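Q: coordinates for the following, if possible.
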Amino acid sequence: MAAPEAAVDGDTVVLKLGGSLITRKDEPETIDDPALDAACDAVAGALADGHVDSLVVVHGGGSYGHHHASAHGVSTTEGTHDVEAVMDVHGAMRTLNEHVLDRLQARGVPAVPVHPLSLTARPQGAEGDLDLPLGSTATLLAEGFVPVLHGDGVATADEGVTVVSGDELVVDLATGLGATRVGLCSTVPGVLDAADEVIPEVTNFDDVADVLGASDATDVSGGMAAKVRELLDLDPPAYVFGPAALDDFLRGEAAGTRIE
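A: Okay, the predicted model is just below:
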């Protein structure tokens, strides 16, 4: 694992709020108000109580970005040079980001936006590594803000603009900022076994490959198999959990499935 690029003093937590959690994915551009409010309450409470020193929030696209990306045929591997398509996807994600920011700020959280389209690139093409400069995010953290990033478009060599998922951003942020804990909160309570029971801990992908249905290939669409593969590569412990365990995670307690 590479050394942190822009480590921040104190404990840094990276929290992903899944798009399926905070939006109604079967209703285009619709917020799940109770779920988003509950998540923002948990974040605000953890910061106010001193359970978290520095926090970066990432949120998925849900019924905002995914709806428009699908309509334009844009994915993590298929790009577009159509400016209207780019703006539809990015515009939807900015709108969702504003909803998240508004609700966090209303609870006293100093949340500010960091839009990946303006920062990130894949200079080697769709299969290449993500280039995510972290100077802005690290400085915002050091100055007491809560940066809020999101799935977005990303400039991609030979493809125009493709999609970068929130999950991939989480991995780069955790590595580059020297995060001490990582959490992915979604609608499922953790990594599930064949009986739909939560697996308490995952330390080796091969141990869960069969139940995840991805023993031979990574799920590039952002499914659970892809999440587990990427989180296993991180130095800090990562947790996959549902909304009921968000408070526990933010207090530094066990939540859902621990991946390390």
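Q: any chance you could map the helices in the protein?
A: When secondary structure is read from DSSP state H, the chain shows helices at 19-22, 33-48, 62-72, 83-106, 135-142, 166-177, 205-212, 224-232, 246-250.
Q: who's in contact with H59?
A: If a contact means CB atoms under 8 Å, 6 or more residues apart in numbering, then H59 has 16-19, 22, 96-97, 100, 148-151, 166 as its contacts. Heads up, the C-betas are built off the backbone N, CA and C, glycines and all.
Q: from those residues, which is closest to V191?
A: Among the contacts of H59, G18 lies closest to V191 (CB to CB), at 13.8 Å.
Q: picking up where we left off before, can you put the contacts of H59 in a markdown table and add pLDDT and neighbour count?
A: Conversion of the contacts of H59 to a markdown table gives the following (pLDDT from 0 to 100; neighbours: other CB atoms under 10 Å):
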| residue | pLDDT | neighbour count |
| --- | --- | --- |
| K16 | 98 | 30 |
| L17 | 98 | 28 |
| G18 | 94 | 27 |
| G19 | 94 | 26 |
| I22 | 97 | 29 |
| L96 | 98 | 25 |
| N97 | 98 | 23 |
| V100 | 98 | 22 |
| V148 | 98 | 25 |
| L149 | 98 | 26 |
| H150 | 98 | 29 |
| G151 | 96 | 30 |
| G166 | 94 | 25 |
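Q: of all these, which comes closest to V43?
A: Within the set of the contacts of H59, L17 lies nearest V43; the separation is 8.8 Å, counting by CB to CB.
Q: tell me how far that closest one lies from S186.
A: Using CB to CB, to the nearest Å, L17 is found at 8 Å from S186.
Q: ok, G160 next?
A: For G160, the distance to S186 - CB to CB - is 29 Å.
Q: repeat that for L15.
A: L15 sits 12 Å away from S186, going by CB to CB.
Q: these two - which one has more neighbours?
A: A side-by-side neighbour count of L15 and S186, using other CB atoms under 10 Å, places L15 first with 27 against 21.
Q: quick one: the more buried one and V43 touch, right?
A: Yes. Assessed by CB atoms under 8 Å, L15 is found in contact with V43 at 7.3 Å.
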